[in-house]
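**Student:** Attaching a predicted model along with its sequence, questions to come.
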Amino acid sequence: MESQNIEYKKTWRDEYLKWICAFANTEGGKLYIGIDDNGNVCGVDDPHKLSEDIPNKIRNTMGLICTVNLLNKNGLDYFEIITEKYPFPVSYHGKYYRRTGSTMQEVSGVELDKMILSVQGRTWDSVPVPHISVDDLENDAIKLFKKKAKESGRLDDAALDVTNETLIQNLHLTEGNYLTRACMLAFYPDPEKWVTGAYIKVAYFENDADILYQDEIHGPLILQVEKTMDLIYSKYMKALVSYDDIYRKETFFFPRAAFRELLLNAVIHKDYLSTTPIQIRIYKDKIRLWNDGALPKEVPVEDLYKEHVSKPCNPNLANVFFKCGMIESWARGFSKITRYCEEENAKLPEIDLSLGGVTARCFASDKYQALMNEHQETENVPLTERQKTTQKTTQKTTQKTTQKTTQKILDIIKTNPYVTRTELSDLTGISPDGIKWQLKQLKDKKVITRVGADKGGYWEIVSGDEK
C-alpha cells in the first residue's frame, strides 16, 4: 500500500525521477517499478537495460546514489529503488520536490526556504543577518531583558554583569561574526527592515464591521510584548470597579496574566516568513488574537490544554524569552492560562485554526457580565435619583467601613501593643497615611493612648469601645 515512504509504478518513466527527488528531500523512501497501485507485481520489460539506465539517470540528473535492486516474484521481474534522506536540498532539473502523504509536490517560494532549512537541520531564526552589530541593538530592550532575567532568577548576576556583546554570544545569538534573526527580532530597533510584518496590530471594534480606533506596535519583540500589554489594559479594555470592604477592585473581562501568555505564544510561534502581523481585535466583551503560524504536528488543537511537548517554531527566539523569565520551556503556557482563568473564574480561551493561522478567542467571564449589567442599570437611573442613591450608599458604606477598620486596628493592638504603623499597614492592607489618620481619630476620642516614645513605646487601650 502506498504511503509517505512507498510508491508503486507499473512501468518506468523518466518523470518518476521527481519521486526520487521528493523522497531525498523528505524522509527517504522506496519506489517500486513493475507493481500496480494495489501492490500486485506485474513485471517490467527489458529489466537488464533498466538496471543500467535507472542508476545512471538518478546520478546524472541529481547527483544521488540510490540502491537499485532487481527482484523477482512468480517469474516476474520488478525493481526496488531505495532513496535515503539527504542532508542537503536536492533538485531535479532546477526544481525541488517533497513528499506529502502519498503525493509528490513541487516546492517553491516560502515553502522552498522552509524546506531548505529543514533539510539542513536548521530553523529560520538561526540564520545570520548581515549589516547589523551589537552596537546597533536597542539598549532599552537589552535593559528590560536583564531586569526580567534577574527578577526571574533565570540568570545570575555573573551572567548579567557582562558586556552586551558577551551577553548576546552567551545566548547563542551569533554565527561567526554575524547576529542571527532571533537576535535581530528580539533586540533590533526596527526588525521590519528585514522581516515584513514583524509587528502587532490592535483595533477596537464596535461590531465586526466598524473600527472605533486602532494602533500598531513596532520595535524589538521584547518591548513589543510589554507595550502591547500596557496599551490593551489601559486604553482598549474597560475595567469595571467593585468594592470588597474598603478596597477598590478593578475587574477586566479577561485576566491580564492569561492574555499575556497567549500573546507571548503568538510572538514566539509566529511564522515570520509570512508578511502579515499579529492581529488583535477587541470588542466590549471579547478578544480575538490571530497569529499567522501553525501548531506543531505533534500537538493537535484539541490537546493544547493537555500535557504536550514543547516544540516552538522559533526555538532560538523562544530561548531569549525563556532566559528572561517571560515564558516556560516545558509547554506549560496553557497550564498557566488555565490556572489564571480559574483564579478569576474566567472562561478558558477557545483555540482554533479556522482563519489560516492560529486564533485564540477570549470571552468575558460571568462575573464581568454581571458587573457590566449592574453598571448599565445604574446608568439608566435618572441623574438626580442616582445622586441621592449614591450619597446614601456612600454614607452607609463609609460608616460600616470605618467601624470595621477601627475594630481591626484595636484587635491587633490588643494582641500586640508594640505594633508599629508600618506593621498595621501591612496587616490591614490600609496605606500608611490611612493608618496614621485612623490612629489620630482613636487618640482624639480617647480610645487609645501612646505610652512612651514613638520608637520603643507601645499602645494602650483606654476604652473597650469607640467613643
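**Tutor:** Yep, it's here.
**Student:** In three-state terms, label Q105 for me.
**Tutor:** Under DSSP: H, G, I helix; E, B strand; the rest coil, Q105 falls in the strand class.
**Student:** Any idea how many residues pack against it?
**Tutor:** Q105 has 14 neighbours, counted by other CB atoms under 10 Å. C-beta coordinates here come from the backbone N, C-alpha and C atoms, glycine included.
**Student:** and if you look at M104?
**Tutor:** The tally of other residues near M104 (other CB under 10 Å) stands at 18.
**Student:** any idea how far the closest residue to it other than its chain neighbours lies from R99?
**Tutor:** Leaving aside its sequence neighbours, M104 sits nearest to A22 (CB to CB, 6 or more residues apart in numbering; 4.5 Å). According to CB to CB, to the nearest Å, A22 stands 4 Å off from R99.
**Student:** where do the contact lists of those two overlap?
**Tutor:** Q105 (CB atoms under 8 Å, 6 or more residues apart in numbering).
**Student:** pretty sure Y8 belongs to a strand, no?
**Tutor:** Yes: judged by three-state DSSP, Y8 forms part of a strand.
**Student:** on contacts alone, who are the packing partners of the helix or strand S118 falls within?
**Tutor:** Assigned by DSSP states H and E, S118 belongs to helix 109-119. On a contact count with 3 or more CB pairs under 8 Å, 6 or more residues apart in numbering; DSSP states H and E, helix 109-119 meets strand 95-100.
**Student:** by contact count, what packs against the strand it packs on?
**Tutor:** Packed against strand 95-100 by the contact rule (3+ CB pairs under 8 Å, 6+ apart) you find helix 17-25, strand 103-107, helix 109-119.
**Student:** And those: which comes nearest L173?
**Tutor:** Nearest of the helices and strands packed on strand 95-100 to L173, taken as CB to CB: helix 109-119 at 17.1 Å.
**Student:** For the helix or strand immediately after the closest one in the chain, which outside residues touch it?
**Tutor:** Using DSSP H and E, the helix or strand that follows helix 109-119 in sequence is strand 128-129. The contact list for strand 128-129 (CB under 8 Å, 6+ apart) reads T174, E175, G176, Y178, L179, T180, R181, C183, M184, W194.
**Student:** Nearest to D426 among those?
**Tutor:** Looking across the contacts of strand 128-129 and measuring by CB to CB, the closest to D426 is C183, at 43.3 Å.
**Student:** for that closest one, what are its contacts?
**Tutor:** Contacts of C183 (CB under 8 Å, 6+ apart): V129, L137, I168, L171, L173, T174, V320.
**Student:** quick one: contacts for the residue nearest the centre of the chain?
**Tutor:** What sits nearest the mean C-alpha location of the chain, by CA atoms, centre = their mean, is N265, with 1.0 Å. By CB under 8 Å, 6+ apart, the contact list for N265 reads N291, I327, G333.
**Student:** Inside helices: which ones of the residues you listed?
**Tutor:** The members of the contacts of N265 that map onto helices under DSSP state H are G333.
**Student:** ok now do H218, which residues does it touch?
**Tutor:** Counting by CB under 8 Å, 6+ apart, H218 has contacts D190, E192, Y199, Q224.
**Student:** Neighbour count and secondary structure for those - can I get that in JSON lines?
**Tutor:** Formatted as JSON lines, those follow (neighbours: other CB atoms under 10 Å; DSSP: H, G, I helix; E, B strand; the rest coil):
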{"residue": "D190", "neighbour count": "15", "secondary structure": "coil"}
{"residue": "E192", "neighbour count": "15", "secondary structure": "helix"}
{"residue": "Y199", "neighbour count": "18", "secondary structure": "coil"}
{"residue": "Q224", "neighbour count": "22", "secondary structure": "helix"}
